[in-house]
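1. Coordinates for the following, if possible.
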Amino acid sequence: MGRRLEATLGAGAIHARIAVFALLVLSGCPQHIDGGTDEASEPEVVVDASVDQAPASDLTADSAAEAVSQGAFELGVNVTGRNTSAYYSALPEGGELNVEYGPQGLWMVVLAFRTRNVWSESDAELLIYASCRVDGENIGELTLAKQRLLLGGDGWWYYYNLFLVVDESRAAGSEATIEISVEDPSTGQNVQHDQIVSLVGGPDSR
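-> Take a look at the predicted model:
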């Protein structure tokens, strides 16, 4: 099963296919973490002030030119609790996604993504839905409202630490489909992305 990325842009409901990039770019800035409806504690967010946290006005001419190119969305991962792009990496189709034991006592995967020219990224408060399916059945899902993106110094906007709790008995060692939907409710602009991954880690790794 291949990757699917569909963007619905504006009131005109124009549908466009957006290419998914498998790139690794090192830049970003701290982000508020919202673990969803769980009442349990969440991993501590560590802010690394030494990593680029440039505002839009500080973009170089080359990166600014890149930022006005075709809109794009990329699914990735980050080191748990970190929220700078030094700890972000792209998640390739069929790539390994670690199932890890969180301090809240639950097994989870930690997702991230970056985007460019899909929404008005600097102002958007996004509605994010994510799920993990194994053999067509959901083993975890999460909805987060009013989420903000963080600008990197490269024309991309980042979202870190999407903690998706999964059923550990069905997770590790399985091929899974990650589904993520990101919408700006104020405009109706929406990205839907499905991607096959290989789940690793889990209880057997402890």
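
2. Helix, strand, or coil at residue 179?
-> Counting by DSSP: H, G, I helix; E, B strand; the rest coil, the backbone at residue 179 sits in strand.

3. Am I right that it is in contact with residue 138?
-> No - look at residue 179 against residue 138 with CB atoms under 8 Å: they stay out of range, at 9.1 Å. Just so you know, the C-beta spots here come from the backbone N, C-alpha and C atoms, and that holds for glycine as well.

4. residues bridging contact with these two, i.e. touching both?
-> Contact criterion CB atoms under 8 Å, 6 or more residues apart in numbering; residues shared by residue 179 and residue 138: 131, 132.

5. Neighbour count: these two, which is higher?
-> Using other CB atoms under 10 Å as the criterion, residue 179 and residue 138 rank with residue 179 on top: 17 against 14.

6. Alpha carbons only: can I get the helix or strand hosting residue 109 in PDB?
-> Per DSSP states H and E, residue 109 falls inside strand 107-116. C-alpha atoms of strand 107-116 as PDB (Å, rounded to 0.1, in the frame of the first residue of the first chain):
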ATOM      1  CA  TRP A 107       2.800   2.000  25.200                       C
ATOM      2  CA  MET A 108       2.900   4.600  22.400                       C
ATOM      3  CA  VAL A 109       4.500   5.700  19.200                       C
ATOM      4  CA  VAL A 110       5.800   9.300  18.900                       C
ATOM      5  CA  LEU A 111       5.000  11.000  15.600                       C
ATOM      6  CA  ALA A 112       5.900  14.300  14.100                       C
ATOM      7  CA  PHE A 113       5.300  16.100  10.800                       C
ATOM      8  CA  ARG A 114       6.400  19.100   8.900                       C
ATOM      9  CA  THR A 115       4.500  21.200   6.300                       C
ATOM     10  CA  ARG A 116       4.900  24.000   3.900                       C
END
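
7. Which strands and helices lie in contact with whichever helix or strand comes after it?
-> Of the helices and strands lying after strand 107-116 in sequence (DSSP H and E), the nearest is strand 126-134. Judged by 3 or more CB pairs under 8 Å, 6 or more residues apart in numbering; DSSP states H and E, strand 126-134 is in contact with strand 137-147, strand 157-165, helix 168-171, strand 175-184.

8. sorry, back to before: direction included, what does the strand holding residue 109 pair up with?
-> strand 72-78 (antiparallel), strand 96-101 (antiparallel), strand 157-165 (antiparallel) (DSSP bridges).

9. For residue 174, which of the ones you listed is the nearest?
-> strand 96-101 (9.4 Å; CB to CB).

10. I'd like to check what contacts that closest one. Which residues are they?
-> With CB under 8 Å, 6+ apart, strand 96-101 has contacts from 77, 80, 91, 107-110, 166, 168, 171-172, 176, 178, 197-202, 206.

11. how about stretch 179-195: buried residues?
-> 179-184, 189-195 (16 or more other CB atoms under 10 Å).
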